[in-house]
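**Student:** Need the 3D shape of this:
(one chain, ligands or ions: 1)
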Amino acid sequence: MRSYDFHDFSRAGLRFGRWAAWLRIGLAACVLPMALGSAPATAVETGPQMSLSSVETETGGTLLVKIDCRRMPASGRMPNVSFGDQEVYLFPHPGQTKRVYAGLVGIPLSARPGPAALTVAWGDSAQRRSESVAFVIKPGTYGEETLKVDPRHVRPSSKDLERIRREQEELKQIYASGSRSRLWQGEFQIPVPGEMNGPFGTRRLFNNELQSHHTGMDFRAQTGDPVHAAGAGVVRLTKDLFYSGNAVVIDHGAGVFTSYSHLSRIDVKVGQRIEKGRTVGLAGATGRATGPHLHWGVKVNSVNVNPLTFIRVIERLSGD
Ligand SMILES: [Zn+2]
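**Tutor:** Next up is the predicted model:
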C-alpha cells in the first residue's frame, strides 16, 4: 500500500492563493438606456459581487464561492449559482455581514482538466441576467494500487447486483434531498485519530480485474475503535451496504454529506441530530475491506471530493 505524506497533498492540492486572487464580476452591470441619446440612465441594475477561493482547482477538489449581494436591491431574489448541472446552495457567510453568502462546488474526479466556469444568474424573469466566472481545473495527481478482496465483491452474483442497484438508488435519493441550510458550525474534523493510509482518488485494481477510483479516504483503525462525526448534522442512513458494510451517512446541509464505512457497530439512528465529535459507531472490516480501517467519504452536491482539501476549504470559511 502506498505510504502517505501530507506534504504531497499540500503541493498537489488546491493552491489557495490569498483571497487577493479573487475574481470579481458583475460589480456594476449597467443596463444600457433604452433609447440612445436620452438622459443618462438612472435604472442601473447592480449584480452580485462574486469571488472564488482559488482561480484553479484540481479534479476531486472543492471550490468556495462568496457572493456579496449588498449592492443589489434588497427586495431582489437570491442569485442562482451553478456549475454545469450542479446547483450550488448558498448560505449566509459565517465570517461576513448580512447579505454576503457562501457556497461550495464539488469538482468531480471525472471533470475534464482545462478552462471551466461557474454561472451566476440574478434578476427576475422580466430582466434575467447572468455572468460566467472562469477558473481552471487541473488534473489531480492520484496514484494507483492493486488490492485483493473476497471474489464476491469483485464478481457479484445477480442477486447481489440487484441489491447493489437498490442501494445505489437509495443513496442517490439521500444525496439529492439534503438540507439546503448549513447544519454545521466551525471546522470539520477527521473522524479517527489513526494515520491516513489510503488516499482519495487512487485508481484501484481489485483482484487484477476490477478497476475503480477510491472515492473516499482510509484511516488506520482497529475493530472497536470509536468513529466520530466530522461535523454537526442529521443522520440520514444507518445500514449494512454490500460494498461499504455497516455505514452511516450524515447530512451537514448546504450540499455537504459525510459517510463512515466498514463499521463493526452503528451507534446512531436515522433522523437523529448529532453534534461534531459524537460517536457514530465502531470501526471494523464489514463490506469490501481488506482489513479493519475507517473509510471516510465527503460529498459536495453529490460529488465525491478529497476530504482533506474539503477540510481546508471549510477552514477558510471560518477564518475569513
Ligand atoms: Zn476506502
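**Student:** check contacts around residue 286.
**Tutor:** Going by C-beta atoms under 8 Å, 6 or more residues apart in numbering, residue 286 touches 240, 245-246, 262-264. Just so you know, the C-beta spots here come from the backbone N, C-alpha and C atoms, and that holds for glycine as well.
**Student:** Can you say which helix or strand has it in it?
**Tutor:** Remark: residue 286 resides in no helix or strand, with elements defined by DSSP states H and E.
**Student:** do the same with residue 313
**Tutor:** Secondary structure from DSSP H and E places residue 313 in helix 307-319.
**Student:** Could you pull out the buried residues of that helix?
**Tutor:** Judged by neighbour count using 16 or more other C-beta atoms under 10 Å, the buried positions of helix 307-319 are 307-314, 316-317.
**Student:** how about TSV for the contacts of residue 286, with distance to residue 46 added?
**Tutor:** TSV is the format used below for those (distance: C-beta to C-beta, whole Å):
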residue	distance to residue 46
240	53
245	52
246	52
262	51
263	51
264	56
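**Student:** can you redo these as TSV with distance to the ion and secondary structure?
**Tutor:** Shown next, in TSV, are the contacts of residue 286 (distance: C-beta to the ion, whole Å; DSSP: H, G, I helix; E, B strand; the rest coil):
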residue	distance to the ion	secondary structure
240	17	strand
245	11	strand
246	14	strand
262	8	strand
263	13	strand
264	16	coil
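**Student:** among those residues, which ones are buried?
**Tutor:** The neighbour count (16+ other C-beta under 10 Å) marks 245-246, 262-264 as buried among the contacts of residue 286.
**Student:** Could you pick out the residues of the stretch 101-250 of the chain near the ion for me?
**Tutor:** Applying C-beta under 5 Å from the ion, we find that the stretch 101-250 of the chain lies next to the ion at residue 218.
**Student:** Smallest gap between the stretch 101-250 of the chain and the ion, at which residue?
**Tutor:** The minimum distance from the stretch 101-250 of the chain to the ion, using C-beta to the ion, falls at residue 218 (4.2 Å).
**Student:** Check which helix or strand residue 111 maps to.
**Tutor:** Assigned by DSSP H and E, residue 111 belongs to neither a helix nor a strand.
**Student:** Isn't it up against residue 135?
**Tutor:** No. In terms of C-beta atoms under 8 Å, residue 111 does not count as a neighbour of residue 135; the distance is 11.2 Å.
**Student:** quick one, strands of the stretch 151-300 of the chain?
**Tutor:** Remark: strands assigned in the stretch 151-300 of the chain by DSSP state E, counting those that start in this stretch are 196-198, 203-206, 210-213, 217-220, 226-228, 233-241, 245-253, 256-263, 265-266, 273-274, 279-282, 293-300.
**Student:** measure residue 258 to residue 176 for me?
**Tutor:** Separation of residue 258 from residue 176 (C-beta to C-beta, to the nearest Å): 16 Å.
**Student:** Mind jotting down where the helices sit in this structure?
**Tutor:** Here the chain has its helices, by DSSP state H, at 6-12, 158-176, 307-319.
**Student:** The last one - contacts with which helices or strands?
**Tutor:** Spelled out, it's helix 307-319. helix 6-12, strand 62-68, strand 293-300 (3 or more C-beta pairs under 8 Å, 6 or more residues apart in numbering; DSSP states H and E).
**Student:** can you pull the contacts of the residue of the chain found nearest the ion?
**Tutor:** Closest approach between the chain and the ion, counting by C-beta to the ion: residue 295, at 3.3 Å. Residues near residue 295 by C-beta under 8 Å, 6+ apart: 198, 216-218, 244, 259-262, 289.
**Student:** give the contact list for the residue nearest to it when sequence neighbours are not counted.
**Tutor:** Leaving aside its sequence neighbours, residue 295 sits nearest to residue 261 (C-beta to C-beta, 6 or more residues apart in numbering; 4.1 Å). Residue 261 is in contact with 216, 241, 244-247, 287, 294-297, counting by C-beta under 8 Å, 6+ apart.
**Student:** May I see the helices of the chain organised as a markdown table, with mean pLDDT added?
**Tutor:** A markdown table is the format used below for those (pLDDT from 0 to 100):
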| stretch | mean pLDDT |
| --- | --- |
| helix 6-12 | 28 |
| helix 158-176 | 96 |
| helix 307-319 | 91 |
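**Student:** would TSV of the ones you listed with distance to residue 150 be doable?
**Tutor:** Shown next, in TSV, are the helices of the chain (distance: least, C-beta to C-beta, whole Å):
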stretch	distance to residue 150
helix 6-12	30
helix 158-176	11
helix 307-319	26
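**Student:** List just the one of those helices that sits closest to residue 69.
**Tutor:** Nearest of these to residue 69, taken as C-beta to C-beta: helix 307-319 at 17.3 Å.
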